[in-house]
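Participant: pasting a predicted model and its sequence here:
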Amino acid sequence: MTSKRVVILGSTGSIGNQALDVIEHLNHLEMNRQTTFHYQIAGLAAGRNAPLLAQQARRFGVRAVALADDTTSRESLPEELRQARRGTSAAEQLVRDVKPDLVIAAMVGAAGLPATLAAIEVCPQVAIANKETLVAAGSVMIAASSRCMLLPIDSEHSAVWQALSGVYPYEAVPVYPPCEDRHHQIARVLLTASGGPFRTWSTSDISRATRADALKHPTWRMGGKITIDSATLINKSLELIEAHWLFGLGPERLGAIVHPQSIVHAIVETVDGAALAQLGMPDMRTPIQLALTYPARDQGQCGRIDFATLSSLSFEPVDENRFPGAALWRECIGPGRSDTTRGAILNAANEEAVGRFLNESAPPMPFSRIAELVIGALESVPSRRCNSLADVMTSDRAAREWVKSRL
């Protein structure tokens, strides 16, 4: 039986759980067809959710597991985790030990940097769901990826990847390293944004928004951190930086547009005036499945668009006055910026600010304070040339300390 051995980093999060569902679905399809292809879960890594990690390991018969939390005694852990790798480097060690065919990098935030870098170094394919990895350490990750194919899982980047197949042969979609001689065909790549829960709110109303208000995303069901990023539109800045690294496009060829229906996920404009868009239901299982089955496609779990009843697809510009976080990507890419740690500063400051906003045991923090803190960190924390992961982590720590000192 031919197997693709998969490790999931961040298996207990939203993307990790959906990836497991997709793998189970694909294996069920193959079993019914009586073929010999199979996706094997070779390893699982999580942060603190030991009960769910143990449940996943039991469900899929996984012995190689990693848990970042090492504060609990082994005797207190579920039986499936007694032999687990533990600690902050556990996920990285898991990847290096298992050496799978494909890693799904879905750990939230900068915590996933070392393990994702290890995956890029030792695995032939890495499916990137953790945008913070490329935001904080894009130059380091790309430099290490000469023998690894990076497969986008974020819905917008998967959409760009698919739309580019209308410009280049599908097998040659320019996931990094880019084909420089082909960039002259691309006029602009637009990532869509739903606009979040505050798309129609005034600036004064947004400033008074509560945690509950910010967590009511109109179209997607996601984890808390990314939901808040979508409410501030800082998520769009993170995604545009990620697109820069994945597709080798400069800021002059990148942009964003608000699309409330979340049906169009990205648009590629070519120099001859054509616009190629990728459409699909707002369901992360579609891009996850494509990353797993590439270059083939298979029967999906998600519903198809009913075009006969689709009343409208509307678009509007991003309002950077009400959502200043949506403009921060320009501070981190382009000449003199892409090879620095400005992305690491942006990402770390945002993680700290969002974490504080979501902390229910702390006094309420104004929603608008998130963007203020991130902008302040970018203005105040010195950046450096980004030559190594150590450079990234130095700026990461400095940005976090700066934000904490002002909370």
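Facilitator: Yes, it's here.
Participant: list the contacts for the closest residue to residue 351 other than its chain neighbours?
Facilitator: For residue 351, ignoring the flanking residues on the chain, the nearest one in space by Cβ to Cβ, 6 or more residues apart in numbering is residue 109 at 5.1 Å. From N, CA and C alone the C-beta is placed, and that goes for glycine too. Going by Cβ atoms under 8 Å, 6 or more residues apart in numbering, residue 109 touches 130, 132, 225, 347, 351.
Participant: and what of residue 114?
Facilitator: Applying Cβ under 8 Å, 6+ apart to residue 114 gives the contacts 89, 91, 92, 389.
Participant: let's see it at 10 Å
Facilitator: 88, 89, 91, 92, 93, 95, 107, 133, 137, 389, 393 (Cβ atoms under 10 Å, 6 or more residues apart in numbering).
Participant: low-confidence ranges, the stretch 1-150 of the chain, go.
Facilitator: The stretch 1-150 of the chain contains residues with pLDDT under 70 at 1, 34-37.
Participant: quick one: the strands in it?
Facilitator: Applying DSSP state E, counting those that start in this stretch to the stretch 1-150 of the chain gives strands spanning 2-9, 37-46, 65-67, 85-86, 102-105, 125-128, 149-152.
Participant: contacts for the shortest one?
Facilitator: Contacts to strand 85-86, defined as Cβ under 10 Å, 6+ apart, come from residues 43, 45, 50, 64-72, 74, 77, 91-94, 97.
Participant: buried subset of the residues you listed as a PyMOL selection?
Facilitator: Entered in PyMOL, the line below selects the buried ones among the contacts of strand 85-86, by 16 or more other Cβ atoms under 10 Å:
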select buried, resi 43+45+50+64+65+66+67+68+69+77+91+92+93+94
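Participant: so which of the contacts of strand 85-86 are in helices?
Facilitator: 50, 91, 92, 93, 94, 97 (DSSP state H).
Participant: against residue 240, how distant is residue 218?
Facilitator: With distances taken as Cβ to Cβ, to the nearest Å, residue 218 is found 21 Å from residue 240.
Participant: okay, those two: which has more neighbours?
Facilitator: Neighbours per residue (other Cβ atoms under 10 Å) separate residue 218 from residue 240, with residue 240 holding more: 27 against 15.
Participant: confirm that one sits in a strand?
Facilitator: No: secondary structure assignment places residue 240 outside any strand; it is helix (DSSP: H, G, I helix; E, B strand; the rest coil).
Participant: and residue 200, what is it in contact with?
Facilitator: Applying Cβ under 10 Å, 6+ apart, the residues near residue 200 are 260, 322.
Participant: three-state assignment of it?
Facilitator: From three-state DSSP, the assignment for residue 200 is coil.
Participant: burial count for residue 250?
Facilitator: If you count neighbours by other Cβ under 10 Å, residue 250 ends up with 12.
Participant: gap between it and residue 263?
Facilitator: Residue 250 is 28 Å from residue 263, by Cβ to Cβ.
Participant: kindly report the same for residue 401.
Facilitator: In terms of Cβ to Cβ, residue 401 sits 42 Å off from residue 263.
Participant: all strands of the stretch 251-400 of the chain, in order?
Facilitator: 254-258, 264-270, 275-279.
Participant: a markdown table for the ones you listed, including mean pLDDT?
Facilitator: Below are these laid out as a markdown table (pLDDT from 0 to 100):
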| stretch | mean pLDDT |
| --- | --- |
| strand 254-258 | 97 |
| strand 264-270 | 96 |
| strand 275-279 | 96 |
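Participant: so which of those comes closest to residue 198?
Facilitator: strand 254-258 (11.5 Å; Cβ to Cβ).
Participant: give the other helices and strands that the closest one contacts.
Facilitator: Counting contacts by 3 or more Cβ pairs under 10 Å, 6 or more residues apart in numbering; DSSP states H and E, strand 254-258 is packed against strand 186-193, helix 234-247, strand 264-270.
Participant: what's the most buried one of these?
Facilitator: Mean neighbours per residue, mean count of other Cβ atoms under 10 Å, is largest over the helices and strands packed on strand 254-258 for helix 234-247, with a mean of 27.
Participant: that helix to strand 264-270, inter-axis angle?
Facilitator: Interaxial angle, helix 234-247 versus strand 264-270 (axes from the mean of the first three to the mean of the last three Cα atoms, to 10 degrees): 50 degrees.
Participant: numbering from 748 from now on, please.
Facilitator: Okay, using 748 as the starting number, the last item reads as helix 981-994.
Participant: report the mean confidence score over helix 981-994.
Facilitator: Averaged over helix 981-994, pLDDT sits at 95.
Participant: in space, what's closest to residue 1040 - neighbours in sequence excluded?
Facilitator: Excluding the flanking residues, the one nearest residue 1040 by Cβ to Cβ, 6+ apart is residue 773, at 7.0 Å.
Participant: also residue 1070?
Facilitator: Excluding its sequence neighbours, the residue lying closest to residue 1070 (Cβ to Cβ, 6+ apart) is residue 980, at 4.0 Å.
Participant: hang on, isn't that neighbour packed against residue 942?
Facilitator: Yes: using Cβ atoms under 10 Å, residue 980 is in contact with residue 942, at 7.9 Å.
Participant: who has more neighbours, those two?
Facilitator: residue 980 (28 against 24).
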